[in-house]
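>>> Turn this into a model:
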Amino acid sequence: MNKFCFYHQIVILLLSIMFSIDFAKAELVIEPAEPTACPGESISLSIPSMSTIIIENGIMPPKNEASVLWGTDSGAIEGKGASATYTAPAKPEQYSVIAIKSSIDGEVDFGGVIVTVTPYSSECPRKCSVREISNAANNAAILIHSTEGSIGGGYNQRGSIDFMDVYQTLKARDYCDSEIYTKKYEDFTLQDVENSFEWAKQQSYAAKAKNLPEQPLLVVFIGYALPGQLLLATADSRQPVAKNFLGDFTGNTVVAILEAPYSGTLIKELKGDNRVIITSTGDNLSYYDDLGRISFTKFFFDQLLKKDVSYSYALKRTQSTLNELSTPFNQQVPRLEDSEPGKLADEICINSNNCCSSNDLFCGLTLTIEQTGPGPILTVRSFEVKRLEETTSSRIDLSVQVENGSLTEVTIIFEIPTQFDVNGYSRQPLIHRVKLREDPSASGQWIGSYEGFEVGGNYKITFDAKGNAGESMSDCIIDDGFKTECSITFTVEGPSLITPTK
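As a prediction, this is how the structure comes out:
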C-alpha cells in the first residue's frame, strides 16, 4: 500500500472515532489508566505492550512493523511509537487522548484514555509561561504608586519596599508581567489610571472569550490622600484622583487595597456589588517607616504570599502585627468593606480557588509532626543564575536548592549599585527583596526571576531561607563550597548581564 495513502486512511479513521471511541472495548492499553494533569502541564503516556521488543529464536522483528498515531480533542500531543507527551489545555476539564496502532499487514488497533485537567490550586498553579504562550491571560492586577513628590523621577518609588513587596508577591504567586499593569519607576498619571482600567476590561473580555476562569481584578493604590480624596503625587504637583476611580468596571469581582492617609473615608464612594475594599486606616493617618519595611501594605502582602490565605485572614493577621508595634503604628486600624459582609473577602485569595478562611486556625501554616532540627541548607550554583532569554537581557532566572526540612520562605536580596541624581548627588545603594516560589515539579527547588538592571555596576545577590519554625539557614553552599556569606556578585554593563563572579 502506498505510504501516503496508508497514513491518510489512518488520519480519517482517527477523526471519525475521536468523539465516539469506546475505551472499554479498546485493544491497546494506555498507561496511566486514569491520568491527571494541571492546566498547561505536560505528562507522559505509554503503551506497555509495545515498550519491550521481544526477540524470538534470536531474530528481532523487522523495523516499522507497527506505527502509532496519537491524537487528542484538546491540548497538544507529541509522540512516536509507544510513548507520547500530552500537554494539557488551560481550561480544567476532561479530555480524550487516543492512539491508533497500524501494522504493516494492514491491521489496526486503537486505545484511549480520559485525561482529567484539575482545577487551579496551590498544587496546580496557573503557569505563567503557558498562559503567555497561549495568549490565555486570566489574571489582572493594577499597581498605582506615586513617586512621592520632592525628588521625582521615580527615585523614591524605586526604593520603596512596600511597592516592590506587592509586585514580588504577585510574581511569587505566578502572575505574569503581562497580567500586572504598573509604571514601575515612572510617574503614574491620571491618564494612566484611566488606561489601566481599560486594560483590565480587555483582559476580562479576552478571558471570557476563551472561557477561562478569572481571578478577581486586584487594584493596589499606594500614595497620598486627604479626607475623601486620593492624590497622585508627582515631582510638580498632587493631582486628585476621581473619587469613584473604579469607575464602571463590572465585568469581574474587584479587590481594591488602599495604602494612604484617611483611606477609610473613600469606602463610601468605592463600595459596590462584587467588591472588596481594604484600607490601611480609617479616618486617620496611615503610618509608614524604613522605606516601607514597616507599613500596612508590606505586612498585608507578606500574609498573602502564604499558601491559599484569604484577604480576610491576611487583614486579620496584619491588624495583629500592627497592634504589636509601638505608637503610632498600633493606633492604625485598617478597614474592610465587603459586598457580602464577612463572606466574599473570606473566599478569595491570590491566584487560587482553594482559600482558607479567617476562622481556620491553621490557615497559611504548614504543620510538621517532629522537630525540624537544624535550619535549612541552601545550595546555589552561580552558573544556574542566568539570563532567562537572550532577547530579555535585563531579566535573569533564579534557581536554588534547599535541603533539611520544610520551608516557609526563600528570598534573595539585590543590592543595586550607587547611582547619582540629576543634581549629581550620590544615592544610597538600593535594596530589592525578591521572593522565590517552590517549584511544584522539583522537590526542594525554589525559583523566581529578577529584572532591574537599569544601570551598570556590581550587583550583589544575597540568599536567605527560613524553616517552618523560624529556624535560620544553617549552611550555605555556593559552587560546592561552604560560605559564611551566602552571596554572589554580578557584573553588569548597562542593562546587560555579563557574568557571575564568586
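
>>> Who are the packing partners of whichever strand or helix holds Tyr86?
According to DSSP states H and E, Tyr86 maps onto strand 83-87. Strand 83-87 is packed against strand 42-46, strand 76-80, strand 94-103, with contacts defined by 3 or more Cβ pairs under 8 Å, 6 or more residues apart in numbering; DSSP states H and E. Any C-beta I mention is one placed from the backbone N, CA and C, and that applies to glycine too.

>>> redo that, cut-off 7 Å
With contacts defined as 3 or more Cβ pairs under 7 Å, 6 or more residues apart in numbering; DSSP states H and E, strand 83-87 has these neighbours: strand 42-46, strand 76-80.

>>> May I see the buried residues of the next helix or strand after the first one?
Stepping forward along the backbone from strand 42-46, the first helix or strand reached (DSSP H and E) is strand 66-72. Of the residues in strand 66-72, those with enough neighbours to count as buried (16 or more other Cβ atoms under 10 Å) are Ala66, Val68, Leu69, Trp70, Gly71, Thr72.

>>> picking up where we left off before, indicate which one of the helices and strands packed on strand 83-87 is closest to Ile267.
Nearest to Ile267, of all the helices and strands packed on strand 83-87, is strand 42-46, at 45.8 Å by Cβ to Cβ.

>>> Only alpha carbons, please: show that closest one as CSV.
Provided in CSV are the C-alpha atoms of strand 42-46 (Å, rounded to 0.1, in the frame of the first residue of the first chain):
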residue,chain,number,x,y,z
SER,A,42,2.9,18.0,30.2
ILE,A,43,2.5,14.4,31.2
SER,A,44,3.8,11.1,29.7
LEU,A,45,1.6,8.4,28.2
SER,A,46,2.7,5.0,27.0
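
>>> mind listing what's buried in that strand?
Counting neighbours by 16+ other Cβ under 10 Å, one finds that the buried residues in strand 42-46 are Ser42, Ile43, Leu45, Ser46.

>>> tell me the mean pLDDT for that strand?
Mean pLDDT, strand 42-46: 89.

>>> still on that earlier bit, with Thr327 as the reference, name the closest of the helices and strands packed on strand 83-87.
Closest to Thr327 of the helices and strands packed on strand 83-87 is strand 42-46 (Cβ to Cβ; 54.8 Å).

>>> Tyr262 versus Val276, what's the distance?
In this structure, Val276 and Tyr262 are 19 Å apart, going by Cβ to Cβ, to the nearest Å.

>>> Looking at those two, which one has more neighbours?
The neighbour comparison of Val276 against Tyr262 (other Cβ atoms under 10 Å) goes to Val276, with 25 against 22.

>>> What is the helix ranked longest in the chain packed up against?
Using DSSP state H to define each element, the chain has its longest helix at helix 190-209. Contacts defined by 3+ Cβ pairs under 7 Å, 6+ apart place helix 190-209 against strand 141-145.

>>> and the strand it packs on with helix 190-209, angle?
Between strand 141-145 and helix 190-209, the angle comes out at 170 degrees (axes from the mean of the first three to the mean of the last three Cα atoms, to 10 degrees).

>>> Contacts for strand 141-145, please.
With contact meaning Cβ atoms under 7 Å, 6 or more residues apart in numbering, strand 141-145 is reached by 157, 163, 166-167, 170, 175, 179-182, 188, 193, 196, 200, 218-223.

>>> hmm, back to that, dump the helices and strands packed on strand 83-87 to TSV, plus distance to Thr281.
TSV is the format used below for those (distance: least, Cβ to Cβ, whole Å):
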stretch	distance to Thr281
strand 42-46	47
strand 76-80	50
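
>>> Which one of those strands lies nearest to Lys306?
Nearest to Lys306 among these is strand 42-46; the distance by Cβ to Cβ comes to 28.2 Å.

>>> On the pLDDT front, check Val220 for me.
Looking at Val220, its pLDDT is 93.

>>> about what we covered before: what sits up against the strand holding Tyr86?
Outside strand 83-87, the residues that reach it (Cβ under 7 Å, 6+ apart) are 42-46, 70, 72, 75-79, 97, 115.

>>> let's see it at 8 Å
35, 37, 40-47, 51, 70, 72, 75-79, 97, 99, 115 (Cβ atoms under 8 Å, 6 or more residues apart in numbering).

>>> State the number of residues packed around Val108.
Residues lying near Val108 (other Cβ under 10 Å) number 14.

>>> Nearest residue to it in space, ignoring adjacent ones along the chain?
Ser102 (5.1 Å; Cβ to Cβ, 6 or more residues apart in numbering).

>>> same deal with Ser46?
Ser46's closest residue in space is Ser83 (Cβ to Cβ, 6+ apart), at 4.4 Å.

>>> With Phe245 instead?
The shortest distance from Phe245 to any non-neighbouring residue, by Cβ to Cβ, 6+ apart, is to Val193 (6.0 Å).

>>> and the end-to-end length of stretch 241-252?
Terminal residues of stretch 241-252 are spaced 22 Å apart (Cα to Cα, to the nearest Å).

>>> That stretch: which residues count as buried?
Residues of stretch 241-252 classed as buried under the neighbour-count rule (16+ other Cβ under 10 Å) are Val241, Phe245, Leu246, Phe249, Gly251, Asn252.
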